[in-house]
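1. Below: sequence and its predicted model.
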Amino acid sequence: MTEETELEITPQQKQSIELVIQRVQQQEEEKLKDSHFEESIPPSQLQQLESENRLLVLEYDTMMNDANDTEQSALEINRLLSIFENKVAEQAEQIEKLYENAFAGEEFLQGAKNELQKTVSSSSTSRLRFLMAYIYLFLGLWLLFMHYIN
């Protein structure tokens, strides 16, 4: 997509352009070869030929301008497509990173869930340990107090 595309002129357009060029060239050649012929042509017919010649040249210029405009449009579209392609590739990379992060996050959440389950299951054991420590502390203090009294 990043390579430059050339403007393609349809065969019909190419044929029309070539025909216009040939007509203009033929008229110019005939003017040069037969300058005495122009003298024998009535002025009205000569004016008609000159106006037809101007119209053909104008038509040719118009077609060339249209072809240049079309070429510029095609180049602009190609440039925009290249930018679009690059942005899509960047988004694909970002989506891949998001997927990897989501997968890693899921693993962390699973580990946290397991730790919470361990904590919940060991909370009853923790209470028992705390109660036993409290009883030992109380009994230890009771023995010290009894020993102090005696």
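-> Looks like it came in fine.
2. helices and strands of this protein: which one has the lowest mean pLDDT?
-> Across the helices and strands of the chain, the lowest-confidence element by mean pLDDT, DSSP states H and E is helix 35-40, at a mean of 60.
3. Okay, and the spatially most central residue of the chain sits in which element?
-> Taking Cα atoms, centre = their mean as the criterion, Phe84 is the residue nearest the geometric centre of the chain, at 1.4 Å. Using DSSP states H and E, Phe84 falls within helix 43-149.
4. rounded to a whole number, what's the mean pLDDT of that helix?
-> Helix 43-149 shows a mean pLDDT of 88.
5. And it, what does it pack against?
-> Applying 3 or more Cβ pairs under 8 Å, 6 or more residues apart in numbering; DSSP states H and E, one finds that helix 43-149 contacts helix 11-33. C-betas here are computed from N, CA, C, even on glycine.
6. what angle separates the helix it packs on from helix 43-149?
-> If you take axes from the mean of the first three to the mean of the last three Cα atoms, to 10 degrees, helix 11-33 sits at 140 degrees to helix 43-149.
7. Helix 11-33 packs against which elements?
-> Packed against helix 11-33 by the contact rule (3+ Cβ pairs under 8 Å, 6+ apart) you find helix 43-149.
8. How far away from the center of its chain is the helix it packs on?
-> On the basis of Cα atoms, centre = their mean, to the nearest Å, helix 43-149 sits 16 Å off its chain's mean C-alpha point.
9. all numbers from here: first residue = 714
-> Shifting the count to begin at 714 puts that one at helix 756-862.
10. Can you get me a residue count around Met777?
-> Per other Cβ atoms under 10 Å, the neighbour tally for Met777 reads 12.
11. next one: Ile754
-> 13.
12. and if you look at Val733?
-> Per other Cβ under 10 Å, the neighbour tally for Val733 reads 19.
13. who's in contact with it?
-> By Cβ atoms under 8 Å, 6 or more residues apart in numbering, the residues touching Val733 are Leu769, Glu772, Tyr773, Met776.
14. My understanding was that the first one contacts Val737; is that so?
-> Yes - using Cβ atoms under 8 Å as the test, Leu769 is close enough to Val737 to be in contact (5.9 Å).
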